[in-house]
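In: curious how this folds, go ahead:
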Amino acid sequence: MFQIWTVGVFLSALILFGAAENYEGDLSIENEMQSPDEQPQCGQGSPAFQESDLNVTDGQARPGEFPWTVAVSHHKKFVCGGSLITPNIVLTSANCVYNKMAEDLVVSAGEWEYGNASEKYPYEEQIVKKLVFHKSFSLRTGANNLALLFLEKEFPMTYRINTICLPTEKRTLNSTRCIAAGWGKNQFKDKHNASILKKIDVPIVPRDICQDQLRQTRMGRTFTLAPNLFCAGGEEGKDACTGDGGGALFCPMPEDPKRFEQIGIVNWGVGCKNKNVPGIYTDVFEYKSWIVELMEGPTGTVTDKN
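Out: Residues are numbered from 1 along each chain as shown. Okay, the predicted model is just below:
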């Protein structure tokens with residue numbers, strides 16, 4: 001029987017994707033940062049990760065590959081993922097930080113092996129000073145499940161810590177493959193989250209197909225996918241899982257495939273890695289005007305690097 005990971009009573013047992021896998025190789029990579037002071041463009045990872053001799057297993061990211069991926073902790077306990085959209089603003093899911101105080105949250109950036117800051121891969125932390133939830137967020141259905149975290153200070157922008165681009169157009173109607181990253185569980189029944197940042201390659205699933213597939217699960221035949229949500233995944237063995245919630249689903253930019261833009265936020269799902277059971281994501285493009293308005297407000301700062 002399927003188990004549902006989601007944000008509320010109706011959709012119980014929220015699964016935020018993830019898994020811990022073994023890795024081999026020396027954590028130190030020569031020239032991991034070619035120029036720490038160089039300012040990359042949004043959606044651009046470190047070019048050094050492609051040249052490293054670090055051995056990682058299938059499904060693991062390399063250090064600096066997705067530098068916008070951040071971890072959100074509450075009272076020093078990991079709660080979910082997020083994405084850096086400006087040097088001092090994190091985009092995440094509302095359910096992740098629901099009923100939590102801003103001053104109790106910390107965002108860490110530059111993580112690879114979570115919580116283990118090696119000499120070559122140190123992470124940095126910033127305190128959250130303000131939370132903004134979407135006013136129409138529904139804990140029961142997962143609708144409008146997004147929030148912005150405004151940080152006390154800006155993260156320095158390098159290839160190790162960088163922002164993700166917001167979508168320039170609606171991408172969720174296209175047949176394409178995108179990537180999610182996070183430190184969530186590998187399997188739904190796992191007791192622990194992943195230690196190494198995961199890399200999850202999934203296809204976008206058409207809305208009508210996704211809704212039909214979810215009606216075959218314990219969601220029931222009357223299930224209706226909330227507006228402004230979309231589906232990705234449904235391939236056996238490839239999925240986000242418990243602990244990956246709040247993280248970004250990002251796709252190569254059409255005009256520059258080496259850079260990425262965020263089209264979704266990991267929202268909820270029914271189990272993990274089951275065939276024909278896609279995961280559910282918040283459609284970032286549908287909320288872009290809301291996000292940008294808050295980014296350009298007095299609390300946020302916007303650096304246009306598109």
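In: report how many residues lie close to residue 217.
Out: Residues within reach of residue 217, counting by other CB atoms under 10 Å, total 18. C-beta: built from backbone N, CA, C; applies to glycine.
In: my read: it touches residue 278, true?
Out: No. With contact defined as CB atoms under 8 Å, residue 217 does not count as touching residue 278 (10.4 Å).
In: for the stretch 51-200 of the chain, which spans come out with low pLDDT?
Out: Applying pLDDT under 70 to the stretch 51-200 of the chain flags residues 51-54, 117-119, 175.
In: which stretches of it form helices?
Out: Counting by DSSP state H, counting those that start in this stretch, the stretch 51-200 of the chain has helices at residues 94-97.
In: what ranges do the strands span in it?
Out: For the stretch 51-200 of the chain, strands defined by DSSP state E, counting those that start in this stretch occupy the ranges 69-74, 77-86, 89-92, 105-109, 124-133, 147-151, 177-182, 198-205.
In: what's in contact with the shortest one?
Out: Surrounding strand 89-92, the residues in contact under the criterion CB atoms under 8 Å, 6 or more residues apart in numbering are 70, 72, 80-85, 107, 128, 146-151, 246-248, 262, 265, 284, 291, 294-295, 300-301.
In: given that strand, what are its sheet partners and their directions?
Out: Neighbouring strands of strand 89-92 in its sheet, by DSSP bridges, are strand 77-86 (antiparallel), strand 147-151 (antiparallel).
In: quick one: distance of the longest one to the chain centre.
Out: Okay, so that is strand 77-86. Taking CA atoms, centre = their mean, to the nearest Å, one finds strand 77-86 lying 7 Å from the centre of the chain it belongs to.
In: could you look up the SS state of residue 213?
Out: Classification of residue 213 using DSSP: H, G, I helix; E, B strand; the rest coil returns helix.
In: can you count the residues close to it?
Out: Neighbour tally, residue 213, other CB under 10 Å: 19.
In: tell me the secondary structure at the closest residue to it other than its chain neighbours.
Out: The shortest distance from residue 213 to any non-neighbouring residue, by CB to CB, 6 or more residues apart in numbering, is to residue 276 (5.0 Å). Under the three-state scheme (three-state DSSP), residue 276 adopts coil.
In: my read: residue 276 touches residue 233, true?
Out: No. At 9.7 Å, residue 276 does not count as touching residue 233 under the criterion of CB under 8 Å.
In: quick one: which of the two has more around it?
Out: residue 233 (30 against 16).
In: give the contact list for that one.
Out: Per CB under 8 Å, 6+ apart, neighbours of residue 233: 202-203, 205, 239-240, 269, 277-279.
In: narrow the residues you listed to those that are buried.
Out: 202, 205, 239-240, 269, 277-279 (16 or more other CB atoms under 10 Å).
In: can you put those in JSON lines and add distance to residue 161 and pLDDT?
Out: Supplementary listing: the buried ones among the contacts of residue 233 in JSON lines, determined by distance: CB to CB, whole Å; pLDDT from 0 to 100:
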{"residue": "202", "distance to residue 161": "25", "pLDDT": "94"}
{"residue": "205", "distance to residue 161": "32", "pLDDT": "94"}
{"residue": "239", "distance to residue 161": "27", "pLDDT": "83"}
{"residue": "240", "distance to residue 161": "22", "pLDDT": "89"}
{"residue": "269", "distance to residue 161": "28", "pLDDT": "87"}
{"residue": "277", "distance to residue 161": "34", "pLDDT": "92"}
{"residue": "278", "distance to residue 161": "31", "pLDDT": "94"}
{"residue": "279", "distance to residue 161": "26", "pLDDT": "94"}
